[in-house]
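**Q** Any chance you could fold what I've pasted below:
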Amino acid sequence: MERIAGFKSSSEGKSNEREGGNNENFDLASGDEHQLHLDGSSSTSRRLHYNRHTPHQIQQLENFFKKNPHPNEKQRSEIGRKLNIEMKKVKFWFQNRRTQLKTQTERHENAILKQENEQLRLENLAMKEAVKKPVCNECGGQATIPDISIQQHKLLIENARLKEELSNVTSVVNQLSITINNNNKNPTDLNHPTSQMVQLRTNNYGYLHEHASTAIEELLKLGLLNAPLWNKNMEGGGETLNFEEYARAFPHCRLGIKPLGFVSESTRASGVLPMTSLALVEALLNAQRWREMFVGMIGSCDTMEVISNGIGGGSRNGALQVMKAEIQFISPLVPVRVVKFIRHAKQQANGIWIVVDVSVNDGMEGNLTRKCPSGCILHDMPNGFSKVTWIEHTEYDEKLAPQQYRQLVRSGLGFGAQRWISALLRHCEALRATTSPTLTGHLSINTKISLKGLAKRMTSIFCDAVCLTGDQQWDLVADAPGRPRIMARKCMSTKNKPFLKRIITSASYSVWIPANHGHLFDLLLTKELRCIWDVICHEIASKNMIHFPLGQDEISPNCISILSSNETASDMTGSLIVYATVDLPAVSMVMNGEDTSSVALLPLGLCIVPGYGECGTSVGECGSMVTLGFHILLRDLATSNLAIDTINTINDLVSRTVLGIKEIGRSS
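**A** Predicted structure coming up:
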């Protein structure tokens, strides 16, 4: 047996401190450094010398810059050593490159603002001309405008709006009355007129368009406004919403009264992606591509109805659709968030897009989460990049989450904007690495695509089993408090038919470990310590056959490996290790770049996230929450009714793994 291991973690590291001093005032071209020398023959004579870097050095510096534009002193020293450049010159180059990027961004934004300003000026002139020569709608002649005050004019407009709204409500009530009178087959459905009203409103396209437009306006304001509306988040990175300021800035509740027991969570984060805004909009409007971008976060998703594909000519501007999704956190203790929402895309200006999600069911239909206006604001940048501002605003029933995870979820690390941005950056890095002909030159593009597809499916199977999402149907075997949750199902063949005597079992368990999650993650991947916790595959985990970094250089922290287990990293959002054994024919399929969808996978893995004390009540990070997941194939079994000996064996595997992790955590 051979083995394939996929290791994933968020690609964004902790923010490094910026370099200060007067050096920021020097505006030099990227790729050039300068040295100032005094001529010995004259104390006032000075000569300025420029040393241009080689194309290879510039390319490598650009790769480091995309990964981390603010390296610390240790990182600068390492870069200088690798590229044979003085550390001082490396520091100057990064300063100049940041200044150059900032200048390009400001120039682009100024051009957009000038264009919008010119458009508003022309519209203002046209409106002034129209006001000067009003036309009567009935006769077509020139109309006479009465001399009324601005306040009276506003009242007339508001009165017309209220009349239109009253007409719409009357129409809905009439439809409801007809439904009640005609529906005699199932009278029990008529006991809840509020649910009937919500369903009618959901089917009203006019209501959906208005609801989406209002959500777009709120999301745009949330993206533009800063303090005091948004505060820096010391725990999860990014920013958290000040709900007192939010109530003053947005007095009208968009989704009705918050259900009893629900709490609010709202975070904001931003990042720069190697992808255009339109390409990201297209991906977000495709349910399958959306799920593939966020493997491990979206258990399942579906487009329930497409109301509009956009405004003619293939444009996605104005696209509106109803979607349903399962948003998951990798632990059997944290409930999956099931949300039904409308997704609306709008092009605000040339190179600026907004994609908004907002719930349409007002918290009904038994869902325990609802989305307030959430989504992303996209700005195109030079060289095919785009700046993304992500806002995640939800209301959920906190009582269902265990105490150990409540602080983590409140911080935004569980479901917040920082996690979405980190996953998006990781996806973009992996996509570029897979299609790059230069990175990992010993592997063909087809081989990398095959390897990446196999690892993605392995990760998806692992996460779906832990969170009980996706299309897999499991029978619950055991779920006692303080014990692993054990499930079982019949093993399916490649033709989606069950084998007669093969059962797959899944065991998952979450535990608090008194060690910092980043440090614990590094220790668990140490070759010498692997044998302490990996009770199944530790003997082959130290071998090395293929290493494929999912980044722009060989030292990328995100990678996929065959017969390897020591190439990954961790950041503030947590880390994920997934691995599975495969046979030699499967490895040959990967190396030949073939389709690996038929390869059987039984993934195992760990998910490590920041903890906040054993009871989840500590101030700041305290330890780690670790979730274990196992898939085990049992032969010669026809049903999912497992014998007590089999259950005890599975419990023993989980217990030995937990004890090994605790031993490593205590020694750190």
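
**Q** what's near enough to touch residue 354?
**A** 216, 219, 220, 345, 346, 348, 375, 376, 377, 378 (CB atoms under 8 Å, 6 or more residues apart in numbering). (Glycine included, C-beta is placed from N, CA and C.)

**Q** How about residue 285?
**A** Residue 285 neighbours (CB under 8 Å, 6+ apart): 316, 319, 321, 343, 345, 355.

**Q** ditto for residue 85
**A** By CB under 8 Å, 6+ apart, the neighbours of residue 85 are 53, 57, 79, 93.

**Q** go with 6 Å
**A** By CB atoms under 6 Å, 6 or more residues apart in numbering, residue 85 lies in contact with nothing.

**Q** returning to that earlier point: closest to residue 426 out of the contacts of residue 354?
**A** residue 376 (16.0 Å; CB to CB).

**Q** would you say that closest one is within a strand?
**A** Yes: under DSSP: H, G, I helix; E, B strand; the rest coil, residue 376 falls within a strand.

**Q** Can you tell me who it pairs with across the strands?
**A** residue 355, residue 390 (DSSP bridges).

**Q** Kindly tell me how buried it is, as a neighbour count.
**A** By other CB atoms under 10 Å, 26 other residues sit near residue 376.

**Q** Does it touch residue 388 like I think?
**A** Yes: assessed by CB atoms under 6 Å, residue 376 is found in contact with residue 388 at 5.4 Å.

**Q** Going along the chain, name the helices of the stretch 251-400 of the chain.
**A** 277-284, 287-293 (DSSP state H, counting those that start in this stretch).

**Q** Show me the one of these that comes nearest residue 631.
**A** helix 287-293 (20.7 Å).

**Q** Just the residues contacting the strand of greatest length in the chain, thanks.
**A** Scanning the chain for the strand with the most residues, using DSSP state E, yields strand 498-513. For strand 498-513, the external contacting residues (CB under 6 Å, 6+ apart) are 331-333, 465-466, 484-492, 611, 614, 623-638, 640, 650, 654, 658, 661, 665.

**Q** list the contacts for residue 574?
**A** 608, 609.

**Q** For residue 443, see how far away it is.
**A** 28 Å (CB to CB, to the nearest Å).

**Q** For residue 6, give me the pLDDT.
**A** Per-residue confidence (pLDDT) for residue 6: 40.

**Q** Please disregard the earlier target; I meant residue 252.
**A** 67.

**Q** Count the residues that sit near the residue nearest to residue 610 when sequence neighbours are not counted.
**A** What sits nearest to residue 610 in space, not counting adjacent residues and going by CB to CB, 6 or more residues apart in numbering, is residue 621, at 4.5 Å. Number of residues near residue 621 (other CB under 10 Å) recorded here: 20.

**Q** would you list every one of the strands in the stretch 551-668 of the chain?
**A** 559-562, 575-582, 604-610, 624-635 (DSSP state E, counting those that start in this stretch).

**Q** Who are the contact partners of residue 69?
**A** Contacts of residue 69 by CB under 6 Å, 6+ apart are residue 98.

**Q** Please report how far it lies from residue 121.
**A** According to CB to CB, residue 69 and residue 121 sit 37 Å apart.
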